[in-house]
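Asks: Give me a 3D structure for the following:
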Amino acid sequence: MITVRRAGERGHFDHGWLNTFHTFSFADYHDPDHMGFRALRVINEDRVAPGQGFGAHRHRDMEIVSYVLDGALAHQDSMGNSGVIRPGDVQRMSAGTGVQHSEFNASKTEPVHFLQIWILPERNGRPPSYEQKNFPPQDARGRLRLVGSPDGRDGSVTIGQDGEIYSSALEPGDEVRHVLAPGRHAWLQIARGEVDLNGNSLGAGDGAAVTAEQELRISGKGSEFLLFDLA
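Replies: Next up, the predicted model:
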């Protein structure tokens, strides 16, 4: 079964410095029918104005993944980590027992466009930790590139949950397939372009929950997306 969550159905707030869309309930957006999917709790698509951002704030017991589509996102946290996240980078911050961080647009002239993803951890109370890795764009062209996993295999960032994250970029005519093991579920989030998922047409900002399907067949039309394989 495939249930599509259209881009236009998401929660939306334009704060001037921040234009944000919430796939699931978040902050002032509450929809009891969209509280998350499996361990996937938040997918926010954010566009932050030049020089603006999120001041220091605290998290705990959450796996937070940032995926930049355009521009550059500056990160700083109470663990002593700091740096800039750019397209091709995947950042994972395990909030664990508690961490404070800030995120700002690193540019004074160009906006930054990114996805922020929250995944519920398999176990609470772990020490906080941080990881950032670069995945060259060619690694995801015409294929599914593992970028997040519980064991960090294939150079992916390590996530404290039984879930995998794949990125992919497909040109017209490209197709990728992903087999779901029995009892597994998937969420597909389209970052840009269009795809066909098992006969369902999806565009930028759309998401799809997948249950009781043996295989996902995804064909692209100049697209970029993230695929979550979840328990």
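Asks: ok, E63 - how many residues close by?
Replies: The tally of other residues near E63 (other C-beta atoms under 10 Å) stands at 27. Where C-beta positions appear, they are placed from N, C-alpha and C, glycine not excepted.
Asks: How about the one 10 residues further on?
Replies: In terms of burial, L73 registers 26 neighbours under the definition other C-beta under 10 Å.
Asks: Surely it touches H101?
Replies: No. Checked against C-beta atoms under 8 Å, the pair L73 and H101 is beyond contact range at 11.3 Å.
Asks: in stretch 106-120, what's buried?
Replies: For stretch 106-120, a neighbour-count test (16 or more other C-beta atoms under 10 Å) marks 106-107, 111-120 as buried.
Asks: how about that stretch as CSV, C-alpha atoms only?
Replies: What follows is stretch 106-120, C-alpha atoms only, in CSV (Å, rounded to 0.1, in the frame of the first residue of the first chain):
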residue,chain,number,x,y,z
ALA,A,106,26.6,30.7,6.0
SER,A,107,26.0,33.2,3.2
LYS,A,108,25.2,36.9,3.4
THR,A,109,23.9,37.0,-0.1
GLU,A,110,22.3,33.6,-1.0
PRO,A,111,19.5,31.6,0.6
VAL,A,112,20.1,28.1,1.9
HIS,A,113,17.6,25.3,1.1
PHE,A,114,17.8,22.1,3.2
LEU,A,115,15.8,19.2,4.7
GLN,A,116,16.0,18.6,8.4
ILE,A,117,15.0,15.1,9.5
TRP,A,118,14.3,13.8,13.0
ILE,A,119,14.3,10.1,13.7
LEU,A,120,13.3,8.6,17.0
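Asks: start the count at 33, not 1, going forward
Replies: That works, and once the first residue is 33, the last one we named lands at stretch 138-152.
Asks: Next up, the contacts around G237.
Replies: Contact analysis of G237 by C-beta atoms under 8 Å, 6 or more residues apart in numbering lists 38-40, 42, 53, 77, 222.
Asks: Do you know the pLDDT at the residue most central in space within the chain?
Replies: Centroid-nearest residue in the chain, with C-alpha atoms, centre = their mean: I149, separated by 4.3 Å. According to the prediction, I149 has pLDDT 98.
Asks: go on, A138?
Replies: 95.
Asks: For it, give me its contacts.
Replies: Neighbour list for A138: 103-106, 116, 144 [criterion: C-beta under 8 Å, 6+ apart].
Asks: so which strand or helix has the nearest residue to M125 once chain neighbours are set aside?
Replies: In this structure, M125 finds its nearest non-sequential neighbour in I96, 4.6 Å apart by C-beta to C-beta, 6 or more residues apart in numbering. Taking DSSP states H and E as the criterion, I96 maps to strand 95-102.
Asks: Any buried residues in the following helix or strand past that strand, and which?
Replies: Next along the chain after strand 95-102, taking DSSP H and E as the criterion, comes strand 105-109. Residues 105-107, 109 are the ones in strand 105-109 that count as buried (16+ other C-beta under 10 Å).
Asks: Over to stretch 197-217?
Replies: Those would be 197-202, 206, 208, 210, 212, 216-217, for stretch 197-217 by 16+ other C-beta under 10 Å.
Asks: From those residues, pick the one nearest A71.
Replies: Distance to A71 across these (C-beta to C-beta) is lowest for H217, with 9.6 Å.
Asks: Was I right to think the closest one contacts L72?
Replies: No. Using C-beta under 8 Å, H217 is not in contact with L72; the gap is 9.3 Å.
Asks: and for the two, which residues touch both?
Replies: By C-beta under 8 Å, 6+ apart, the residues touching both H217 and L72 are L262.
Asks: Please consider this matter closed, and thank you.
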